Structure formats: C-alpha cells, structure tokens
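K.L.:
Generate a structure from the sequence data that follows.
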Amino acid sequence: MTTPAGKIELLIVDDDPLIADSLRYFLGRDYRVTIAQTRVEAVTLLRDRNHQPALALIDLGLPPTPHRPDEGFALIADILAHAPETRIVVLSGQSDELNARHARALGATEFVAKPADPEYLRKLIGRVLSFRDTSTAIDDGLIGESAPIQKLRAQLRQFATSPFPVLIEGESGSGKELAAAALHRLSDRAAKPYLALNCAAISPSLVEATLFGHSKGAFTGASGARAGYFEDASDGTLFLDEIGELPLDLQPKLLRVLENGEFQRIGETQALHSSARIIAATNRDLKKEVREGRFRADLYHRLSVFTIAIPALRELGEDSIRLLEHFRAIYAEQANLPPFKLGKTAAERLLAYGFPGNVRELRNIAIRLTTKFAGQEVGVGELEAELDPGNAPQPAGVLPAPTSASRAELVAIALGDIQSRRDFNLDATLRLWEEAYIEAAQRLAHDNMSQAARLLGVNRTTLYNRIETLERVTGAPARTQRPD
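P.N.:
Here you go, the predicted model:
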C-alpha cells in the first residue's frame, strides 16, 4: 500500500526494540515504517484498513516463545490471511536451514539471517517489491490442462451466469480469489461492480458496519454516515473471502440478505435492498464447523447452492511445471533478466513435491530462482534448497525414525503433513505409525512376539494389549502370530 505521502508502507515485527528502531531509522528514508513487537500487535494493525503494508519484515522468535519459531510461523499465515498481497521477508536469528525453508514454504518470499547488513536489506526489499503480481488469467484465470483444472474450468463457466451463491473451498494459497474473479468476469455482471472483502482481515467488531454500513453517530468513531459493501456492490458481485471467520452473531444478518436481499445500516431502521450476487470462499471445513456449532447450518446451505473445490497444486501433475514456466516468464521480464531453465531431474523433484503453500509457494519459488539463477540451469540441488524439507518424498512404507531424526526434522515433517492434508486426524495418524512399527517388528522377529516386544522396547503383554486395542479401533484382523 502506498500512503498519501507517497511512501510504501512496511511492517516490522520484532520484539527487540533496538533492532526495530534501527530498522525504522534506516528504512524510514524510503518507506513508511510501522512496528509491532508481537504477533497479536501485528494482527491488530493488519485489521486496521489504514494499515495494509506492501511488505512485512518479521522475526520468527516472538513472544511468548522468543526462542522458538512457532509464533513467527503462525504470523506468516496470519499476514497472508489478513493481507494476501503483502510480501513477507523473514529476518531472524532462528536461522537454521529447516526454519528458512519452512518459512518460505508457508509463504515468505525471502529469509535473511540476523545480523543483516542494512544496505543488503534495503536492496533486497526493493527487489522483492519490484516483482509485481499479475493475473494468471487469459479469460477464466486458469493455467493448466490436467483433469482437475479442466473440471474447474467447466464449473466456472457453468456457474458463472447463475444468480445464486457459490461457495469456493480450497487450501490456503490455492487460488480461490482467482476463481471468484473468474466467476464475475465470465458472468453477465462483468461490467458491474466487483467487490472483495476478506472477513479475516477485519476486527470482528467492525465486520457488520463494513458489510452493511452505518449512520452518523451509530457508534464511537462514526463521524458520518457510510455505505457498506452490500450497497457499494449494487447489482454486481460481492466476494466474501474467509467466510468461516464471520462472527456467529452476525451470520443471521447475512442469511437474511441472502434470503430476501434486505439489510439495514447500523443505527437506521430503514430497510435497504441488495441484488448483489454472493460468492464466498473458505479454507475451513464448513461442514465440520457446522457440526461443532461455529457456523450456522442454514447459512451454510444457503451459501453452498453451488460448490467449487479448488484443487491443491500437488494434485495437478504437469500443471505445476506449466505454472512455474508462466511465473518464470513474468518475473524474468519484470526484472529484465534471462529466464532460468529447470533441469530434468529438478523437474521430476518438483513434480514429487507436496507444495504445502500451493500456488503462492510456487510463485515465490519462481521469484527466488529468477533472482539467483538468471540464465542458468537449475539442478535438483539448487531447487531442493527452496523446498520445505517436511515434504521430502519418502520411500513407500518407510517412516522417518525418531531415533535417527532431530526434533526439528520431525516437526518439519509433521508441519508438512498437516498442511498438505485437509482431513488430517491426529488419532488416525498415530494409529498408522503404531501399526507400522508393530508390523515391522513382527516381520523382523518372524512373528516371535517376545522378540518383537523386545525390538519395540515394551513387554509382551503390553504389545498384545496394543494389538487388541488397534483391532477394536480399526476393525482390522490381527496378523497371524506364531506362539512363542
């Protein structure tokens, strides 16, 4: 965001006042700098519509766990949820390679270890901001020829001309906003307003006023009357992103608009009418949210007259290479650099990668490779350094052994697994691991249960009890065991 004074806004999130103030002094000549010391402070700033930074410079080690990267990783997700166009550069002392690669997979464009040369940092920020986002669209916003993309393309064309709501579901970074824009562009409302509101990016106390508007004096700070998004959208399209974040007490009012088009500004009794077409999107499982009482069932059914599932990038096969080539061409042209070339082995590795950050992650990979390897061939070693180690391909049937892996490596594997599976279930995953280790021990012991128990570090009775428990939970018969 460029401020009225003409300076681009930067957000610095660091709990060390000396570092934050030094960065503000050095970067303040070129940018308008805002500082937050914690993740909570940063999110509060992002919910203020006057603060939509073009770039966030963040530390990973933030309170309440300054010696661990957890808060910083969570902040990357928060920033992308509240301000998806904000570029993220991590500046952190938590600078081991696993943290750097995982931060990039989550959505950070670059990772810089502390201490950093200020002039290098200034040039890096300038370079990151010089890469402009461009639509991956020609007409429907999609690039690719895989079966999931062909299905998605057909659904967009089928649903575009309907006046009924559409619910777009998909993982973070998969391109839900592109699908929403395509629905509008392909509809007979294309020449009418298209407004997009990220429900996660607004303080819950301001969502109602933002959607429906308010009269003068309706609440503290309402110095004048203001129209809301429903009025401004008129008879065009209103895209409500992250609809799962909509406060529960506001959901009946949205349902009313969907049912009869009526709403009221806060502080007024006069009924207004909207004929805007509603498109909603979520990365949550709304059916689960309904079951657990966090989302109204009637609103869910009203929103999901048509439902579109955006495929994850890992499901698109060769399309991931097509998208990389697309981004490569764009960013090489923007930087006035010769494009890199992806080697055959590197291309095979890319096809095997899980892409926890989806298309957003692939875009950032293209930016980094363009900067580092302009005009060069990128091999598997150079590519691997840009990927999240938690998504390294594992040989079939082989699980990483806790005794031979560091805690950080196991956490990275777990992070990648959770992010890549929308239906992740901890109990089922732990059962799978336990079944695998028990079967492995039985094979090594040739079904001698006493020896299998010794291999697993438990006594034989405990092993039998665990097998019986797994049988009850899974309903699967036990492997045949030979008496000891």
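K.L.:
so Leu444 touches Arg454, yeah?
P.N.:
No - applying Cβ atoms under 8 Å as the test, Leu444 and Arg454 come out as separate, 10.4 Å apart. All C-beta atoms are positioned from the backbone trio N, CA, C, and that covers glycine.
K.L.:
Overlap in contacts, these two.
P.N.:
Common contact partners of Leu444 and Arg454 (Cβ atoms under 8 Å, 6 or more residues apart in numbering): none.
K.L.:
Now do the helices in the stretch 101-250 of the chain.
P.N.:
Applying DSSP state H, counting those that start in this stretch to the stretch 101-250 of the chain gives helices spanning 118-130, 147-160, 176-185, 207-212, 229-233.
K.L.:
so which of those gets nearest Asn336?
P.N.:
Nearest to Asn336 among the helices of the stretch 101-250 of the chain is helix 118-130 (10.0 Å), distances taken as Cβ to Cβ.
K.L.:
How far does the closest one sit from its chain's centre?
P.N.:
Distance of helix 118-130 from the chain centroid (Cα atoms, centre = their mean, to the nearest Å) equals 24 Å.
K.L.:
what sits up against that helix?
P.N.:
8, 10, 22-23, 26-27, 30-31, 54-55, 57, 87, 89, 91, 109-110, 112, 334-335, 367, 371.
K.L.:
Filter the residues you listed down to the buried ones, PyMOL style.
P.N.:
Buried subset of the contacts of helix 118-130, written as a PyMOL selection, criterion 16 or more other Cβ atoms under 10 Å:
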select buried, resi 8+10+23+27+31+54+55+57+87+89+91+109+110+112+335+367+371
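K.L.:
what about Tyr349, how many residues close to it?
P.N.:
Just to correct that, residue 349 is Arg rather than Tyr. Residues within reach of Arg349, counting by other Cβ atoms under 10 Å, total 19.
K.L.:
Thr370 versus that one, what's the distance?
P.N.:
According to Cβ to Cβ, to the nearest Å, Arg349 stands 18 Å off from Thr370.
K.L.:
can you give me the strands for the stretch 301-450 of the chain?
P.N.:
306-309, 341-342, 377-378 (DSSP state E, counting those that start in this stretch).
K.L.:
Work out the sheet partners of the longest one and label each with its direction, please.
P.N.:
With DSSP bridges as the test, strand 306-309 is paired with strand 166-169 (parallel).
K.L.:
Please compute how far the partner strand lies from its chain's middle.
P.N.:
With Cα atoms, centre = their mean, you get 16 Å for strand 166-169.
K.L.:
Can you mark which positions in it are buried?
P.N.:
166-169.
K.L.:
Distance to Ala180 and pLDDT for these - can I get that in JSON lines?
P.N.:
Putting the buried residues of strand 166-169 into JSON lines (distance: Cβ to Cβ, whole Å; pLDDT from 0 to 100) gives the following:
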{"residue": "Val166", "distance to Ala180": "8", "pLDDT": "97"}
{"residue": "Leu167", "distance to Ala180": "11", "pLDDT": "97"}
{"residue": "Ile168", "distance to Ala180": "6", "pLDDT": "97"}
{"residue": "Glu169", "distance to Ala180": "12", "pLDDT": "96"}
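K.L.:
Sticking with Ile88, tell me its helix or strand.
P.N.:
In this structure, Ile88 sits in strand 87-92 according to DSSP states H and E.
K.L.:
Which secondary structure elements does that strand sit against?
P.N.:
Contact partners of strand 87-92 among helices and strands, from 3 or more Cβ pairs under 8 Å, 6 or more residues apart in numbering; DSSP states H and E: strand 55-58, helix 70-82, helix 97-106, strand 110-113, helix 118-130.
K.L.:
So which bits of the longest helix seen in the chain are buried?
P.N.:
If you go by DSSP state H, the chain has its longest helix at helix 426-444. Neighbour counts using 16+ other Cβ under 10 Å place 435, 437-438, 440-442 of helix 426-444 among the buried residues.
K.L.:
Return the member of these nearest to Glu262.
P.N.:
Distances from Glu262 to the buried residues of helix 426-444, taken by Cβ to Cβ, are shortest for Glu435, at 55.3 Å.
K.L.:
Done for today, thanks.
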